[in-house]
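>>> this one's structure only:
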C-alpha cells in the first residue's frame, strides 16, 4: 500500500510538472511556475524514500565512523547535491555526447560514473578497516564526510535526468534547473533524517557501553570494520556485474 501511494504520488507530481513546463514554454509567466516549486521539494523527499540514493551506504558509513551530528549532515548534503548536480551536468553538457563517451545503455545510465562511484566507495571501505586496526584513537574532519558523500552521489538520479531532458526539449532549461534544485532540497531532507538516525543509533550504543571503555572501543572498531566490509562488498558485487 505504501509503495503504491509513493509511486502514485511521484507520477502525479511528474505529470503536474510536465503541464507547468508546457504552460511556461507556451508563454506562461515565471510567477505562475514558482509556487509549484515546493511540490518539487515534496517530490524529492518522497522519491528519496524509494530504493537507491545510497541511503544504506550513508547510514553504514555514519554508524561505523565517529561522525557527529554536524559532519553526518554535511555528508548527507554532499551526497544529495552531487546526486542531482551530476544529472543536471550530464544534460547541460550534451546527454548524447556523454552517453556515447560513457557507453550509456539507456536513459539515466552512465556506467563509468556509476562504477567510479562504487570503486571509490570500495577504497573508502578498505581505508575504514585499516583505520579501525591501525590506531586506538582517530581524528576525523568535516572534509572526510564530504568526500564520502561526493563519492556516493556520483551515480546520476534518473528522474532528474528525465526532468532536465523534458525542460531542454521544451527549451526552458532554467525552470528545469529550478525544479532540480527543489528536488535536491527534498532529497537532502530525507537523507538528513537517515544521517541523524544513524548518529543517534551509534550514540545510543555508546551510552550503553560507556561504563565499559574496553568493550566500547572494541564495539567502535567492530562497527567501523563492518562498515568498511559492507562498502567493499557493495563495490565488489556491483563492479562484478558490470565486468
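Happy to help now that I have it. Computed from a predicted model, the values in this text were never measured in an experiment.
>>> Could you pull up the residues touching residue 229?
For residue 229, the contacting residues are 125, 129, by C-beta atoms under 8 Å, 6 or more residues apart in numbering. Every residue, glycine included, has its C-beta placed from N, CA and C.
>>> and the host helix or strand of it, which residues are buried?
Element membership of residue 229 [criterion: DSSP states H and E] is helix 213-242. Judged by neighbour count (16 or more other C-beta atoms under 10 Å), helix 213-242 contains these buried residues: 216, 219-221, 223-232, 234-235, 238.
>>> For the biggest helix by length in the chain, list every residue counted as buried.
Across the chain, the longest stretch assigned as helix under DSSP state H is helix 173-209. For helix 173-209, burial by neighbour count (16+ other C-beta under 10 Å) applies to 175-192, 194-195, 198-199, 202, 209.
>>> and if you look at stretch 47-65?
47-49, 53-55, 57-65.
>>> Among those residues, find the lowest-pLDDT one for me.
Here the lowest pLDDT out of the buried residues of stretch 47-65 sits on residue 53, with 66.
>>> counting contacts, what elements does the longest helix of the chain pack onto?
Identification of packing neighbours for helix 173-209 by 3 or more C-beta pairs under 8 Å, 6 or more residues apart in numbering; DSSP states H and E yields helix 2-25, helix 30-33, helix 37-49, helix 55-64, helix 69-92, helix 158-169, helix 213-242.
>>> let's go with 10 Å and repeat that
helix 2-25, helix 30-33, helix 37-49, helix 55-64, helix 69-92, helix 142-152, helix 158-169, helix 213-242 (3 or more C-beta pairs under 10 Å, 6 or more residues apart in numbering; DSSP states H and E).
>>> relative to helix 142-152, how tilted is it?
Put simply, helix 173-209 runs at 120 degrees to helix 142-152, going by axes from the mean of the first three to the mean of the last three C-alpha atoms, to 10 degrees.
>>> What's the mean pLDDT across helix 173-209?
For helix 173-209, the per-residue pLDDT averages 90.
>>> which residues touch residue 91?
98, 156, 160-168, 173, 176-177, 180 (C-beta atoms under 10 Å, 6 or more residues apart in numbering).
>>> repeat that with 6 Å
Contacts for residue 91 (C-beta atoms under 6 Å, 6 or more residues apart in numbering) come out as 164-165.
>>> per-residue pLDDT, it?
83.
>>> With residue 105 instead?
47.
>>> again, but for the one 10 residues further on
Here, the pLDDT recorded for residue 115 equals 68.
>>> Please tabulate the helices and strands packed on helix 173-209 in TSV, including the columns distance to residue 129.
Shown next, in TSV, are these (distance: least, C-beta to C-beta, whole Å):
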stretch	distance to residue 129
helix 2-25	35
helix 30-33	49
helix 37-49	29
helix 55-64	10
helix 69-92	19
helix 142-152	15
helix 158-169	32
helix 213-242	4
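>>> Residue 119 is nearest to which of these?
helix 213-242 (6.0 Å; C-beta to C-beta).
>>> Report the mean per-residue pLDDT for the closest one.
Mean predicted confidence for helix 213-242 is 74.
>>> do the same with stretch 162-169
83.
>>> Quick check: phi and psi on residue 171?
Backbone torsions of residue 171, given as degrees, to the nearest 10, read phi 60, psi 40.
>>> Report how many residues lie close to the residue lying closest to residue 120 once chain neighbours are set aside.
Spatial nearest neighbour of residue 120, excluding adjacent residues (C-beta to C-beta, 6 or more residues apart in numbering): residue 151 at 4.2 Å. When neighbours are counted by other C-beta atoms under 10 Å, residue 151 registers 25.
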